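Peer 1: task: produce atomic coordinates for the following.
(chains A and B)
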Amino acid sequence: MLVTRAGPLSNAEKAAASPADLDAWVLSTAPDAVAYAASLLRDRAAAEDVVQDCYCRLLQKANVYDLPRDGRKLLFESVTNACINRATRARHVLSLDAADEDDASLHEVVADADAAPPDRVLMRRELEQAIASALAKLPVAHRAALELKSLGHSLLDIGEALGVSPNYAGVLIHRARQTMAEHLAPFLEERAG
Amino acid sequence: MNAPHNPADHPVDALVRDHLAARAATVDAADMLARVNAERDKQRAPRSAPRVPRSVLRYVWGAATAATVLLAFAGGWYFGEKPAHASAETLVREARQAHALPLDRCYLVQSVPEGDGLLARYPQVAQPRETRLWTRGDRFWIESTNPEKHWAWGRDQGRVWMALGGAKGVWFDRDELAENDDLAHAVTVACDLYSMRVETLLTEVLADFDLKRENTATAGAVTTHRIRAALKPGVSSPRLRAAVLEIDAETRVMRRLVLHRTRRGEPVATVTFTLVETRAQGDETYTLEGHLNPDAQVYGRGSDWAQRTAALRKFFRVPAPKPAE
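Peer 2: Reported below is the predicted structural model:
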């Protein structure tokens, strides 16, 4: 029997979860999931590996979950856990290739610097770097909470993903916003003005 | 959470959301799907003979693998049957063979400048940047990764061309550029940095570099052999100081390269090429005409020289020469 938060699925709903639907679910969620994981891990290649593993695990249970309907929440929960576990246990190893392999820093570059007027490019690049830098200063749980919130997830879901109560998830978000606001004050004032 | 709630418009949330969206735009979802399907196929049939999963064939990355394997068979060799512990030199030779196949490969190119004084000497490369490179053998063309702006440029049979938004094209013949040192220099630097003439590169690596095989890594369905190339003692290379090659264990296609580029012996930039897509493209994509609308304006030999050079200077960030006093 298929089980979802909304209860067992009808036959019609079961039929809806076809391989094509599951493929579409992966295609629609992968960009956000990889971007989120890369921000938590600060390593794009590792993030892709984590997200791939999470998809594989969830798809193995496609007969239990209604992934097209509930999969986004499950995916982000799974990615959050995997990234926090990985970030927590990862040892910092110096490598001659460290600069080359720091995909997060590489992805901080603004795509196509020629595409916009120089002043706009410069401002965008500065803002991108400031946000990345400010996010990097947050503890990983704070970063996860803030990013999940910015992606539209509820406090209940964020709490479940992080293994904390919804109220405490709100506290984490509040603290993360405060820290970010301090680091991004000039940009926020400019936006407000 | 399947359909996320509208985030409250807290200003920090909005900045973070934009930041994540910009990063999400660089993710190839089809590639992730292909990886997931390939991994799941592998898990379902771990002991079966090597095969190309049906699901993978539907997508570009999978199509690349399939095409490469099929063409490799047609060409009389199949790397999967080669010894598992081939030497670094053997792997690079086999990569050169794999890239000689008539397939078009797209690499994400990320460059980070190196060295002091770069801004003054090479303003066109002084900022980190990201582009996409399409390559087939020694042919190439480069396109923007910015969805808001469409441009492409390339060099084909000595002709340098630029397509600006499909509506305007500019090209220069080799001899025209040769008469203008700064423009020729700018184009050469850009080609050296952002393009990858695979066969030439690998031939140079085999001849002038000591190759050391490092770890073999598996990420999802893909296993790669990592090879570090360092210049042989007493040998100099005008454009390359060192390289790291990650070669697909099955197809011998280069999945990732890190090139430490030099100019006149000095470090200029570290350029990382990451394979993102493989598929057959028409020959026209390597030409200016393949990137222009039918009614596009084209400025070539015979068109206004000042207009053409101004476009090229702007494109490659070449400062205008100081007026003679």
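
Peer 1: contacts and neighbour counts: CA atoms only from here.
Peer 2: Fine.

Peer 1: how about the secondary structure of residue B:169?
Peer 2: Secondary structure, DSSP: H, G, I helix; E, B strand; the rest coil: residue B:169 is strand.

Peer 1: check what pLDDT it gets.
Peer 2: Here the pLDDT value assigned to residue B:169 is 91.

Peer 1: residue B:189 too?
Peer 2: 76.

Peer 1: helices or strands up against the helix or strand hosting it?
Peer 2: Using DSSP states H and E, residue B:189 sits within helix B:181-194. Helices and strands touching helix B:181-194, by 3 or more Cα pairs under 8 Å, 6 or more residues apart in numbering or on different chains; DSSP states H and E, are strand B:104-113, helix B:174-178, strand B:266-279, helix B:305-316.

Peer 1: what's next to it, contact-wise?
Peer 2: For helix B:181-194, the external contacting residues (Cα atoms under 8 Å, 6 or more residues apart in numbering or on different chains) are B:109, B:111, B:124-125, B:133, B:142, B:177-178, B:239, B:261, B:269, B:271, B:312-313, B:316, B:318.

Peer 1: and it with strand B:104-113, angle?
Peer 2: On the basis of axes from the mean of the first three to the mean of the last three Cα atoms, to 10 degrees, helix B:181-194 is oriented at 110 degrees to strand B:104-113.

Peer 1: can stretch B:237-251 be found next to chain A?
Peer 2: No. Judged by Cα under 8 Å from any Cα of the partner chain, stretch B:237-251 stays clear of chain A, getting no closer than 9.1 Å.

Peer 1: go through that stretch and flag the buried ones.
Peer 2: Judged by neighbour count using 16 or more other Cα atoms under 10 Å in any protein chain shown, the buried positions of stretch B:237-251 are B:237, B:239-251.

Peer 1: read off the pLDDT value for residue B:228.
Peer 2: Looking at residue B:228, the pLDDT reads 95.

Peer 1: would you confirm that it contacts residue B:206?
Peer 2: No. Using Cα atoms under 8 Å as the test, residue B:228 is too far from residue B:206 to be in contact (11.6 Å).

Peer 1: show me where chain B dips below the pLDDT cut-off.
Peer 2: Within chain B, the segments meeting pLDDT under 70 span B:1-8, B:45-84, B:115-128, B:147-148, B:322-325.

Peer 1: can you pull out the helices in it?
Peer 2: B:11-24, B:29-44, B:54-57, B:60-75, B:88-99, B:118-121, B:174-178, B:181-194, B:198-208, B:305-316 (DSSP state H).

Peer 1: buried stuff in the fifth one?
Peer 2: It refers to helix B:88-99. In terms of neighbour count (16+ other Cα under 10 Å), helix B:88-99 has its buried residues at B:88, B:89, B:91, B:92, B:93, B:94, B:95, B:96, B:97, B:98, B:99.

Peer 1: if we can go back for a sec, mind listing what's buried in the helix holding residue B:189?
Peer 2: So helix B:181-194, judged by 16+ other Cα under 10 Å, has buried residues B:182, B:183, B:184, B:186, B:187, B:189, B:191, B:192, B:193, B:194.

Peer 1: in CSV: those, plus distance to residue B:10.
Peer 2: Shown next, in CSV, are the buried residues of helix B:181-194 (distance: Cα to Cα, whole Å):
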residue, distance to residue B:10
B:182, 49
B:183, 48
B:184, 50
B:186, 45
B:187, 46
B:189, 45
B:191, 44
B:192, 45
B:193, 41
B:194, 40
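
Peer 1: please consider this matter closed, and thank you.
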